[in-house]
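Peer 1: any chance you can model this:
(one chain, ligands or ions: 3)
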Amino acid sequence: MKKRILVTGGAGFIGSHLCEHLLKEGDEVLCVDNFYTGRRGNIAHLLTNPYFEVMRHDICFPLYVEVDEIYNLACPASPVHYQFDPVQTIKTAVHGAINMLGLAKRLKAKILQASTSEVYGDPTIHPQPETYWGNVNPIGLRSCYDEGKRCAETLFFDYHRQHKLKIKVARIFNTYGPKMHPNDGRVISNFIIQALKGEDITVFGDGRQTRSFCYIDDMIYGIVKLMESPDDFTGPVNLGNPSEFSILELAEKVKQLTGSKSKIVFKPLPQDDPKQRQPDITLAKEKLDWKPMVDIEEGLKKTIEYFEALITKHVLL
Ligand code: NAD
Ligand code: UDP
Ligand code: UDP
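Peer 2: Ligands and ions are numbered 1, 2, ... in the order given. I've put the predicted structure just below:
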């Protein structure tokens, strides 16, 4: 039987890949998005599918629809965008979670939350296991997102304990790939576009801070495996690629793979920028039999091809 699945944030980077995957699996998909950072172009190719439907809606407001499962992805994810309107960001994270949990409660539907490695803040434990409670500044520029996502996790677990809701919480680490917004502001899209256009590659700080980057296809498999895991496994579970790089190494790799002559330049480090980040994925391996398969070089090449095509079509101009 076809499942009716709601994907909030379905026109965004991860959401649009998820909609495509679920439709391929034979499910019916309702994509709900307010197009704050998402793009119609990400889902345009799905619009002719009779089992795909798009609804423009802001999840800060109640939503009455009928579905069997909910993936709650709606929330700007890039620091540039989530800091542009921080009050809207925290409303999306918290009011949005309450509304989607209320919807799941009424429907007795299973609901998955796209949480984040940001719940660990600037971590003092490395790599980060799910048992680590984090090191988050509650009043800084990143707090609207970090604390919003932490509060959403609290809400998920309280609805689970109090109302017996079937919940799944994925702590997603840095993910990249085709369909990232060209003006997204995140490091991989910035570096690739700068390299392809021959502009300076902007490394923030001294570039020694680290991140671990997961290719989108691996992330989608992980998220779906989590949704399909037995009901007694709620997470939170880390999903990400443990292979860790400094941002300067990443800049050099992008330069090399694009064959670019761009200069690497250094810019001030944004406030509260985490110094290191690497997922401990022991739990995901054990409970979901999942681990990433695409290495950074292969993933970057596919992402570079995507942005090259956008530039050729003048989508960026
Ligand atoms: P994205 O910005 O591309 O997608 C977010 C989508 O949510 C966009 O389509 C946006 O228009 C929509 N949206 C925002 N606020 C909304 C609202 N109030 N109502 C309805 N729609 C709204 O980001 P992404 O990278 O695809 O991230 C998706 C989810 O995964 C987010 O919840 C994010 O926090 C989480 N996540 C992503 C990463 C990553 O590296 N990409 C890492 C950790 C967590
Ligand atoms: N809600 C929704 N769709 C539904 C059911 C509820 O958007 O189908 C919203 C509703 O607006 C409410 C929130 O979810 O504010 C939380 O619902 P819950 O049932 O937990 O709380 P209550 O309705 O008692 O405030
Ligand atoms: N960064 C950078 N140059 C850029 C954009 C980001 O050096 O043009 C750095 C940023 O300071 C951070 C890392 O790259 O240390 C990852 O940033 P991103 O915004 O992609 O995600 P974050 O993991 O910080 O949420």
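Peer 1: please report phi then psi for the residue in the chain that ligand 2 sits nearest to.
Peer 2: Of all residues in the chain, residue 102 sits closest to ligand 2, at 1.9 Å by C-beta to the nearest ligand atom. Using the backbone N, CA and C atoms, a C-beta is placed for each residue, glycine as well. Dihedral pair for residue 102: phi -60, psi -40, per degrees, to the nearest 10.
Peer 1: what ranges do the helices span in the chain?
Peer 2: Per DSSP state H, the chain carries helices over the ranges 13-24, 40-43, 79-82, 86-107, 143-163, 187-197, 216-227, 247-258, 282-288, 296-312.
Peer 1: and for residue 315, the neighbour number?
Peer 2: 12 (other C-beta atoms under 10 Å).
Peer 1: ok, now how distant is the residue nearest to it when sequence neighbours are not counted from residue 306?
Peer 2: What sits nearest to residue 315 in space, not counting adjacent residues and going by C-beta to C-beta, 6 or more residues apart in numbering, is residue 182, at 6.7 Å. Remark: distance between residue 182 and residue 306 (C-beta to C-beta, to the nearest Å) = 10 Å.
Peer 1: ok, now residue 212?
Peer 2: Residue 212 is 21 Å from residue 306, where distance means C-beta to C-beta.
Peer 1: which of the two has more neighbours?
Peer 2: Legend: neighbour count by other C-beta under 10 Å for residue 212 and residue 306, higher for residue 212 (22 against 17).
Peer 1: show me what contacts that one?
Peer 2: Under the criterion of C-beta atoms under 8 Å, 6 or more residues apart in numbering, the neighbours of residue 212 are 173-174, 240-245, 277-279.
Peer 1: in strands only, show me those.
Peer 2: Mapping the contacts of residue 212 onto strands (DSSP state E) picks out 244-245.
Peer 1: from the contacts of residue 212, keep the buried residues only.
Peer 2: 173-174, 240-242, 244-245, 277-279 (16 or more other C-beta atoms under 10 Å).
Peer 1: distance to residue 5 added to the residues you listed, as a markdown table?
Peer 2: A markdown table is the format used below for those (distance: C-beta to C-beta, whole Å):
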| residue | distance to residue 5 |
| --- | --- |
| 173 | 24 |
| 174 | 25 |
| 240 | 23 |
| 241 | 25 |
| 242 | 29 |
| 244 | 33 |
| 245 | 34 |
| 277 | 30 |
| 278 | 31 |
| 279 | 26 |
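Peer 1: the residue nearest to residue 315 touches residue 310, doesn't it?
Peer 2: Yes: contact criterion C-beta atoms under 8 Å: residue 182 and residue 310 qualify, at 6.0 Å.
Peer 1: point out where the protein drops to low pLDDT.
Peer 2: Filtered on pLDDT under 70, the chain yields the residue ranges 316-317.
Peer 1: how about the residues of it by ligand 3?
Peer 2: Contact residues, the chain versus ligand 3 (C-beta under 6 Å from any ligand atom): 78-79, 174, 186-187, 190, 202-204, 209, 211, 247, 270, 273.
Peer 1: in ChimeraX, select just the buried ones from these.
Peer 2: To isolate the buried members of the residues of the chain next to ligand 3 in ChimeraX, using 16+ other C-beta under 10 Å:
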select :78,79,174,186,187,190,203,209,211,247
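Peer 1: restricting to the residues of the chain next to ligand 3, which residues neighbour ligand 1?
Peer 2: residue 174.
Peer 1: which residue, other than its chain neighbours, is closest to residue 279?
Peer 2: residue 240 (3.7 Å).
Peer 1: residues from the stretch 1-150 of the chain in reach of ligand 2?
Peer 2: Close to ligand 2, as judged by C-beta under 6 Å from any ligand atom, the stretch 1-150 of the chain has residues 62-64, 98-99, 102-103, 105-106.
Peer 1: among these, which one has the most neighbours?
Peer 2: Most neighbours among those, by other C-beta under 10 Å: residue 103, with 22 neighbours.
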